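Chemist: sequence unavailable; structure follows:
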């Protein structure tokens, strides 16, 4: 209103500075809150990954056709624009599900898991295509395979940093410093230094901010609650609002000068492609309640507008195309939440919903905040002894929905964990002669009663395990065990098994 409409405010050098800082904080917080790489790795072989992948690939493919053939954009820019049109917003989905009271329900878990996969894939594609735009603006013949390798390398590196490097490093730093405010200052300063450093080597600053955010996404619950609220307050209280105010200064009616063919093609690619892709994804993956899940996958938020602003600032798109796409994204932001609400409310509850095999850690941070292991653990649970033969273990303990089991020694201390895969390595004719002591894997991660559930789930995903022994940290005494099914129980109301 104050910009193009009334001409009161114009873009200046000072606003450009706030614009740049706002971009940095925006992508950093996206990395911390929404780039659940551990969850993506854990769901690679599931039907929800298939739904998310197809839900991105179909609108992305249609967007590529329009940007290459109708808009005549170079390949790198075409990939970035198509990726933005295919993206979904996890933050919007979480807020809508929370408002509907569905976040802690099976349907909420289904929608959340599918959207988090779709968003991560989309952000990786768009981020690295923007990197190609900033460096060359187009691809060599090997550009696309190289881009895919860069994305895979980034995801692997981010997962390693988030799981094994940055969390313990920040924990030690916090113990040494002892003041959350100083740690906040170090993280903020480290963010700006990271951006400056990656730009020196030719990498776009937003990608560096995203990587640092992903690296810090695995912080323990206590440190997240002590440090990150300060970062969010600084970002959302000043820089990000000014960043989006600058979007209004660029938004005008210049898109009306585009030809009708371009406008119609872009609108169809963004709207019809998104709806068609999400429906195809949930149908191919054979998910329950496809319309409700597809409506969640169509949600868009401010991330898409932020990416368009970055492209405009890089002079990678015209003012006219920016205005058209921003207007489309605003329509998604205003229209999809109520449509999603109607679709979710009219969906019939399934008695046996098809749930993800694992709960992604980011869902636990939204839905299980405040819950600890003690809230869900069964202290009367019994465990197989390591002197039990494989045959007796299979006959007495193995249940279809569980693949890993905590095993104890004769003193009822933790001997290790045995999995169905371990059993499969033993020929059946040797089952009566082989004991579990020969199969148990030692050194498995353990949990404590007071540990937050989101921390436990994060470590389960990082270590690729589905069960953890619950041990008294002072005495080392085994108290019980916790499985992914137990973590799901507050959401699905599933009765826990006695034998674990």
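Modeler: Received it, and whenever you're ready, just let me know what you need. These figures come from a predicted structure and were not determined experimentally.
Chemist: where along the stretch 351-500 of the chain do the strands fall?
Modeler: 404-408, 414-419, 446-447, 467-471, 478-483 (DSSP state E, counting those that start in this stretch).
Chemist: strand partners (parallel or antiparallel) of the last one?
Modeler: Looking back up the chat, that one is strand 478-483. strand 467-471 (antiparallel) (DSSP bridges).
Chemist: circling back: CSV for the strands of the stretch 351-500 of the chain, including mean neighbour count, distance to residue 189 and mean pLDDT?
Modeler: (Glycine included, C-beta is placed from N, CA and C.) Output for these, formatted as CSV (neighbours: other C-beta atoms under 10 Å; distance: least, C-beta to C-beta, whole Å; pLDDT from 0 to 100):
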stretch, mean neighbour count, distance to residue 189, mean pLDDT
strand 404-408, 23, 42, 94
strand 414-419, 22, 41, 92
strand 446-447, 22, 34, 92
strand 467-471, 23, 36, 94
strand 478-483, 23, 38, 93
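Chemist: closest one to residue 107 among those strands?
Modeler: Shortest distance between residue 107 and the strands of the stretch 351-500 of the chain, using C-beta to C-beta, is found for strand 478-483: 22.1 Å.
Chemist: still on that earlier bit, figure out which of the strands of the stretch 351-500 of the chain is closest to residue 276.
Modeler: Closest approach to residue 276 among those (C-beta to C-beta): strand 478-483, 38.0 Å.
Chemist: and the angle for that closest one with strand 414-419?
Modeler: 20 degrees (axes from the mean of the first three to the mean of the last three C-alpha atoms, to 10 degrees).
Chemist: residue 347 belongs to a helix?
Modeler: No: assignment of residue 347 by DSSP: H, G, I helix; E, B strand; the rest coil gives coil, placing it outside any helix.
Chemist: which positions in whatever helix or strand residue 334 lives in come out as buried?
Modeler: If you go by DSSP states H and E, residue 334 is part of helix 319-345. Across helix 319-345, burial judged by 16 or more other C-beta atoms under 10 Å covers 320-326, 328-330, 332-333, 336-337, 340-341, 343-344.
Chemist: I'd like the average pLDDT over it.
Modeler: Averaging pLDDT along helix 319-345 gives 93.
Chemist: residue contacts, residue 482?
Modeler: Counting by C-beta atoms under 8 Å, 6 or more residues apart in numbering, residue 482 makes contact with 373, 376, 377, 447, 456, 467, 468, 470.
Chemist: same question but for residue 336, I mixed them up
Modeler: Going by C-beta under 8 Å, 6+ apart, residue 336 touches 92, 295, 298, 299, 300.
Chemist: out of those, who's nearest residue 33?
Modeler: residue 92 (12.4 Å).
Chemist: now the closest one: how far from residue 334?
Modeler: 11 Å (C-beta to C-beta, to the nearest Å).
Chemist: distance check, the closest residue to residue 339 other than its chain neighbours against residue 346.
Modeler: Using C-beta to C-beta, 6 or more residues apart in numbering and skipping the chain neighbours, the partner closest in space to residue 339 is residue 295 (5.8 Å). Using C-beta to C-beta, residue 295 is found at 10 Å from residue 346.
Chemist: who's more crowded, these two?
Modeler: Comparing residue 295 with residue 346 by other C-beta atoms under 10 Å, the one with more neighbours is residue 295, at 25 against 10.
Chemist: what secondary structure does the more buried one sit in?
Modeler: With three-state DSSP as the basis, residue 295 sits in helix.
Chemist: how close does it get to residue 112?
Modeler: From residue 295 to residue 112 the distance is 13 Å (C-beta to C-beta).
Chemist: how about residue 404?
Modeler: Counting by C-beta to C-beta - residue 404 and residue 112 are separated by 24 Å.
Chemist: what of residue 220?
Modeler: Counting by C-beta to C-beta - residue 220 and residue 112 are separated by 22 Å.
Chemist: repeat that for residue 88.
Modeler: 11 Å.
Chemist: on that earlier part again, of the contacts of residue 336, which is the nearest to residue 225?
Modeler: Comparing those against residue 225 with C-beta to C-beta places residue 92 closest, at 23.2 Å.
Chemist: in which helix or strand does that closest one reside?
Modeler: Using DSSP H and E, residue 92 falls in helix 90-100.
Chemist: who's in contact with that helix?
Modeler: 33-34, 103, 108, 111-112, 115-116, 119, 296, 299-301, 303, 333, 336-337, 340-341, 344-345, 362, 366.
Chemist: biggest helix in this protein, by residue count?
Modeler: Secondary structure of the chain per DSSP state H: the longest helix is helix 106-135.
Chemist: mean confidence score for that helix?
Modeler: 85.
Chemist: just want the angle from it to helix 90-100.
Modeler: 160 degrees.
Chemist: buried residues, helix 106-135. List them.
Modeler: For helix 106-135, by 16+ other C-beta under 10 Å, it's 106-134.
Chemist: now stretch 65-72
Modeler: 66, 67, 68, 71.
Chemist: in TSV, list those residues along with distance to residue 250, pLDDT and secondary structure.
Modeler: As requested, the buried residues of stretch 65-72 are exported to TSV (distance: C-beta to C-beta, whole Å; pLDDT from 0 to 100; DSSP: H, G, I helix; E, B strand; the rest coil):
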residue	distance to residue 250	pLDDT	secondary structure
66	22	96	helix
67	20	95	helix
68	25	94	helix
71	19	93	coil
